[in-house]
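Engineer: the amino acid sequence is not available; the structure is as follows:
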C-alpha cells in the first residue's frame with residue numbers, strides 16, 4: 001500500500017458521517033508517521049470515539065490537546081525489557097515506558113493499553129504482571145504470535161510447559177485479587193467474561209461484520225491485516241462501499257460450544273489458515289481451555305456481584321469496540 005493517502009478526504013468524511021455511532025481507529029504500520037492526516041480527521045470528522053494503535057515511539061510529537069481527543073491509546077510493548085527489545089529493537093522498551101509515563105504526566109484521561117505480542121521468549125504470567133506492576137497501563141492484552149509466524153521452535157511444548165500453566169497462574173492471581181476487591185485490567189479475562197454474559201460480534205473484533213478497514217489507497221477491507229486477500233475486499237473504492245452484510249465465520253466455528261465467547265477468534269486466521277487445519281485446531285484448543293476456565297469462575301464472580309462486594313461493570317471489558325483483540 002502507498003504510504004500517503006490516495007483517496008479524497010471528503011469521501012472518508014461523508015462515509016463516516018452516515019454512522020452516528022462511528023468509532024475511528026488509527027492503525028498501521030505506524031499511524032503517527034502521518035500525523036497531519038490524524039489531525040485533520042480529529043478536527044473534521046465527527047466520530048463518537050477515537051482510538052490509536054501505535055508503537056509509542058513518536059507519541060511526544062503529538063500535541064497534548066490532540067492526545068486528549070483519544071478515548072483509547074494502545075502501545076506495543078511485549079512485557080519485560082529483554083523480551084520487548086528482542087523483537088522490537090534495542091532500547092524500545094525504555095522509550096515506550098518513558099512515553100507512557102509522559103502520557104500519564106500530561107493528564108491523558110483515556111484507556112491506556114499495553115498491547116503485547118506473546119512469543120516463545122514470553123511468559124504470560126511474568127510479562128503481564130510486570131506491565132501491571134508499573135501502574136501505568138489501565139489494561140494489558142496479548143496476542144499469540146501464531147497467525148503466520150514460523151519462528152517457533154516447539155510451539156506445542158511451549159503451550160504445555162509454559163503458556164497454559166502460567167495462564168492458569170495469572171487467572172488465579174486475577175481471581176484472588178477480585179476476592180480482595182481489586183480488579184486488574186487483564187483484557188482477555190474481562191473480555192471473555194463479558195462475551196460469556198452478553199455475547200458479541202463474530203469475529204470478536206467485528207472485522208467484516210461491525211467494522212471495516214480503509215487502506216491508504218482507498219479500498220475497503222473486512223480485516224485490516226488482509227491487505228492482499230481477495231476474500232476481504234468489500235469495495236475497490238470507499239465511495240462505492242454500500243455497507244456490511246457479510247458472513248465469514250462458518251464451520252467448524254458455528255457448531256462449536258464456545259462460539260459465544262470465542263466468536264471465531266481471528267477472522268484472518270480463520271480465512272487463511274496459514275498453519276493448516278491442524279495448526280488452526282491447536283489454537284482452538286488453547287482458546288477452549290481459557291473459555292472453560294472463565295466459565296468455571298463465573299459463578300463465584302456473580303456471587304460477589306450479588307453480595308455487592310464487586311461491581312459487575314468493573315469486571316467486563318471493553319465498553320465499546322476499542323480494537324483490543326480480547327481472544328488471544
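Structural biologist: Done, it's in. Since this is a predicted model, take the numbers as computed values, not measurements.

Engineer: how about residues contacting stretch 243-252?
Structural biologist: For stretch 243-252, contacts defined as C-beta atoms under 8 Å, 6 or more residues apart in numbering pick out 202-203, 208-210, 212, 222, 231, 234, 263-264, 267, 270-271. C-beta: built from backbone N, CA, C; applies to glycine.

Engineer: now do the end-to-end distance for it.
Structural biologist: Stretch 243-252 has its terminal residues 26 Å apart, counting by C-alpha to C-alpha, to the nearest Å.

Engineer: which parts of it are buried?
Structural biologist: Using 16 or more other C-beta atoms under 10 Å as the test for burial, stretch 243-252 gives 248, 249.

Engineer: tell me the mean pLDDT over it?
Structural biologist: Computed over stretch 243-252, the mean pLDDT rounds to 91.

Engineer: out of the contacts of stretch 243-252, the closest to residue 36 would be?
Structural biologist: Of all the contacts of stretch 243-252, residue 36 sits closest to residue 212, with 23.1 Å by C-beta to C-beta.

Engineer: helices of the stretch 101-250 of the chain, start to end?
Structural biologist: Remark: helices assigned in the stretch 101-250 of the chain by DSSP state H, counting those that start in this stretch are 124-133, 155-158, 164-179, 187-198.

Engineer: show me which residues of the shortest one are buried.
Structural biologist: Neighbour-count burial for helix 155-158 flags 155, 158 (criterion: 16+ other C-beta under 10 Å).

Engineer: who's in contact with that helix?
Structural biologist: With C-beta under 8 Å, 6+ apart as the criterion, helix 155-158 contacts 120, 146, 152, 282.

Engineer: which of the contacts of stretch 243-252 sit farthest apart?
Structural biologist: 234 and 263 (19.3 Å).

Engineer: of those two, who's got more company?
Structural biologist: More crowded of residue 234 and residue 263, by other C-beta atoms under 10 Å: residue 263, with 25 against 21.

Engineer: state the distance from the residue lying closest to that one once chain neighbours are set aside to residue 265.
Structural biologist: Of all residues not flanking residue 263 in the chain, residue 204 sits nearest, at 3.8 Å (C-beta to C-beta, 6 or more residues apart in numbering). Look at residue 204 and residue 265: by C-beta to C-beta, to the nearest Å, they are 7 Å apart.

Engineer: so what sits against both of these two?
Structural biologist: residue 327.

Engineer: of these two, which one has the most company?
Structural biologist: Taking neighbours as other C-beta under 10 Å, residue 204 and residue 265 compare with residue 265 leading, 27 against 24.

Engineer: can you get me a residue count around the residue nearest to that one when sequence neighbours are not counted?
Structural biologist: Distances taken as C-beta to C-beta, 6+ apart put residue 327 closest to residue 265, at 4.8 Å, once the chain neighbours are dropped. Look at residue 327: counted by other C-beta under 10 Å, it has 26 neighbours.

Engineer: could you verify that residue 11 is part of a helix?
Structural biologist: Yes - counting by DSSP: H, G, I helix; E, B strand; the rest coil, residue 11 is part of a helix.

Engineer: give me the number of residues near it?
Structural biologist: With neighbours defined by other C-beta under 10 Å, the count for residue 11 comes to 16.

Engineer: residues near the residue nearest to it when sequence neighbours are not counted, how many?
Structural biologist: Leaving aside its chain neighbours, residue 11 sits nearest to residue 239 (5.0 Å; criterion: C-beta to C-beta, 6+ apart). By other C-beta under 10 Å, the residues close to residue 239 number 15.

Engineer: next one, pLDDT for residue 239 please.
Structural biologist: Value for residue 239, per-residue pLDDT: 92.

Engineer: now it: how far from residue 320?
Structural biologist: 27 Å.

Engineer: one step back: which ones are touching the residue nearest to residue 263?
Structural biologist: 191, 195, 262, 263, 264, 265, 325, 326, 327.

Engineer: the residue lying closest to residue 111 once chain neighbours are set aside: neighbouring residues, count only.
Structural biologist: Excluding the flanking residues, the one nearest residue 111 by C-beta to C-beta, 6+ apart is residue 72, at 4.2 Å. Residues lying near residue 72 (other C-beta under 10 Å) number 23.
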